[in-house]
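> Just to be clear, the model below is a prediction. Sequence and coordinates:
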Amino acid sequence: MFRRPLEFLKSLPPQGDLVEIRLGPQRAWMVCHPELVHRMLRDSRTFDKGGPQYERLRALMGDGVVTCPHAEHRRQRRLLQPTFHPSNVSGHTALMAEEAAALCGDWRDGQEVDVSAAMLGMTTRLISRVLLSDSLSPAAADEVRHCLAAIVRGLFVRTIVPVDVLFRIPTPANRRYRRAVERVRELIDAAIAERRRGVPRDDLLGLLLAAADTEDGEPPVTDREVHDQLVSLLLTGSESSSMCLASTFSLLGRHPEVERRLHAEVDTVLAGRLPDVDDLPRLVYTRSVVTETLRHSPPGWLFTRVTTRETEFAGRRLPRGATVLYSPYLLHHDPASFPEPDRFLPERWLEGEAAPGPHGALIPFAAGSRKCIGDLFSMAEMTVALAAITGRWRLRHPSGRVAPPRPGATLGPRSLTMICAPRTDAPDGTAPHAVAQVPEAAAAASGAEKAGRDGDNGVHHA
């Protein structure tokens, strides 16, 4: 499970629909059938968020919407839902395009780019602007990105080897992890304090602070909950999307026929401009590329639940407190659901093509009442970013073997380096840096560059 986790997961379905495994000294059960996974996820009262994964996440995120127990979830989700309502997601499309344009605005022909770091920087800046407007400086957002890299490396081993004493030893890795967690908390607290002293803003932090000051019969929103919600959404809202985008560019570099079809659609729909909300329904193949990446290389690849009572499940009696796992990667790579599961085939998701498998086998955002609150936002963000970047640039792998994705707290390439080449075959035939940006994008890119220069001695965000 630790050394070769993806191969291990793919070996489990032949053992049965529910397979007993061991996580260190603990027994656990892995659910291997999509119908059973959905049954579990629909019964969040019995199969609550918990187990070694969420014990570690709660130490980092507190009891925000991502990690809170079932009893708290409905109230928290109702509080946060307006930010992720479809109408608000549509309103953020221009912001998504601005960040994508700013990301690749300084790339040059032949330049080697750390795609993993670039995507994480972009998604961190975007989600911090949605949650906090400008209360997190560009330097602070950059520090969050560096902290996040240390955190996701440490979370995986803490899930697979849930022996606390190992992580109390002051090794360099343990010290890096603890410092990253502490720094994220400090940065969020500073942003909250800055907002309380300033002007109210129409963002998630403003929503939370308004709820903290309102007496409407609901349990009060405490300062700790404001902090926990921001940390939860900031970390999950940046890491997963960045991993998916990095995986997408890596896969496109190895599948030129998919890349050509993607470029043809982007060129036809956008004709050299940045995407807007009206373009999303027309970027059908672009969205299929994102969906197939989520199937092939799901960033959220392994999750745990814990039983709140003794229960019968798949013909077994599970005791109260049992750890139950499910893996989107396992389900997405089961040939019973997806023929040739290791092939990258966006055509699986086009209307009129062969059915992609039993209903419910694709679950990159979970399901049931605990389905990811930001699923629509994330899909729009990744589709817009992919269209905006590939409309201007082609990314190529350097010569040599392409490293397989590395599982950690999320799945994806951790240090993907690719070489930039301008899309001279794009509609206007010009190099990407010469394509006119929309005024908002140009202003954002200029402002980010200035803030980066002014903030070199400041702090950063994870």
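Received, thanks. Numbering: from 1, shown residues only.
> Might one say that residue 245 is in contact with residue 119?
Yes. Here residue 245 lies in contact with residue 119, judged by CB atoms under 8 Å, at a distance of 4.4 Å. For glycine as for every other residue, the C-beta is placed from the backbone atoms N, C-alpha and C.
> Need the residues touching each of the two.
Taking CB atoms under 8 Å, 6 or more residues apart in numbering as the criterion, residue 245 and residue 119 both touch residue 385.
> Please identify the helix or strand for the residue lying closest to residue 168 once chain neighbours are set aside.
Counting by CB to CB, 6 or more residues apart in numbering, residue 168 lies nearest to residue 174, which is 7.5 Å off, once chain neighbours are set aside. If you go by DSSP states H and E, residue 174 is part of helix 172-197.
> and the angle for the strand or helix carrying residue 53 with helix 172-197?
Using DSSP H and E, residue 53 sits in helix 52-61. Helix 52-61 and helix 172-197 are oriented at 50 degrees to each other (axes from the mean of the first three to the mean of the last three CA atoms, to 10 degrees).
> Which other helices and strands does helix 52-61 contact?
If contacts are counted by 3 or more CB pairs under 8 Å, 6 or more residues apart in numbering; DSSP states H and E, helix 52-61 sits against helix 138-160, helix 172-197, helix 223-254, strand 303-307.
> Quickly compare these and say which is most buried.
helix 223-254 (a mean of 24; mean count of other CB atoms under 10 Å).
> average model confidence for it?
Taken as a whole, helix 223-254 has a mean pLDDT of 94.
> now stretch 108-117
96.
> how about that stretch: buried residues?
Residues of stretch 108-117 classed as buried: 113, 115, 116, 117 (neighbour count, 16 or more other CB atoms under 10 Å).
> picking up where we left off before, what pLDDT is listed against the residue nearest to residue 168?
Looking at residue 174, its pLDDT reads 88.
> After the strand or helix carrying residue 387, heading C-terminal, what element do we hit next?
Assessed by DSSP H and E, residue 387 sits inside helix 375-390. Sequence-wise, the next helix or strand downstream of helix 375-390 (DSSP H and E) is strand 393-396.
> what lines up beside that following strand in the sheet?
strand 417-422 (antiparallel) (DSSP bridges).
> now the strand it pairs with: mean pLDDT?
Throughout strand 417-422, pLDDT has a mean value of 96.
> Okay, buried residues for it please.
Of all the residues in strand 417-422, those buried under the rule 16+ other CB under 10 Å are 418, 419, 420, 422.
> Take the residues you listed and lay them out in JSON lines including distance to residue 198.
As requested, those are exported to JSON lines (distance: CB to CB, whole Å):
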{"residue": "418", "distance to residue 198": "40"}
{"residue": "419", "distance to residue 198": "43"}
{"residue": "420", "distance to residue 198": "39"}
{"residue": "422", "distance to residue 198": "41"}
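> Which one of these is nearest to residue 86?
The closest of the buried residues of strand 417-422 to residue 86 turns out to be residue 418 (CB to CB; 33.1 Å).
> quick one: contacts for that closest one?
112, 113, 115, 249, 250, 253, 395, 396, 397, 398.
> likewise residue 275?
93, 97, 269, 283, 383, 384, 387, 388.
> Now the residue nearest to the spatial centre of the chain: closest residue in space, sequence neighbours ignored.
In the chain, the residue lying closest to the centroid (CA atoms, centre = their mean) is residue 240, at 1.6 Å. With CB to CB, 6+ apart as the criterion, residue 240 has its nearest non-adjacent residue at 4.2 Å, and that residue is residue 299.
> From what I see, that neighbour and residue 413 are in contact.
No. Using CB under 8 Å, residue 299 is not in contact with residue 413; the gap is 10.9 Å.
> which of the two has more neighbours?
Remark: of residue 299 and residue 413, residue 299 carries more neighbours, 27 against 21, as counted by other CB atoms under 10 Å.
> so where's the protein shaky on pLDDT?
Residue ranges of the chain with pLDDT under 70: 159-163, 214-218, 352-359, 428-462.
> hey, where'd the strands end up in it?
For the chain, the strands defined by DSSP state E cover 18-23, 26-31, 47-49, 112-114, 303-307, 311-313, 316-318, 323-326, 393-396, 406-407, 411-412, 417-422.
> Pull out the buried positions in the first one.
When neighbours are counted by 16+ other CB under 10 Å, the buried residues of strand 18-23 are found to be 18, 19, 23.
> how close does residue 62 get to residue 79?
Counting by CB to CB, to the nearest Å, the gap from residue 62 to residue 79 is 15 Å.
> Same question for residue 384.
27 Å.
> again, but for residue 280
According to CB to CB, residue 280 stands 27 Å off from residue 79.
> Same check on residue 168?
35 Å.
> out of the helices and strands packed on helix 52-61, which comes closest to residue 289?
Closest of the helices and strands packed on helix 52-61 to residue 289 is helix 223-254, at 6.4 Å (criterion: CB to CB).
> Export the helices and strands packed on helix 52-61 as TSV, with columns for distance to residue 71.
Putting the helices and strands packed on helix 52-61 into TSV (distance: least, CB to CB, whole Å) gives the following:
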stretch	distance to residue 71
helix 138-160	23
helix 172-197	25
helix 223-254	14
strand 303-307	14
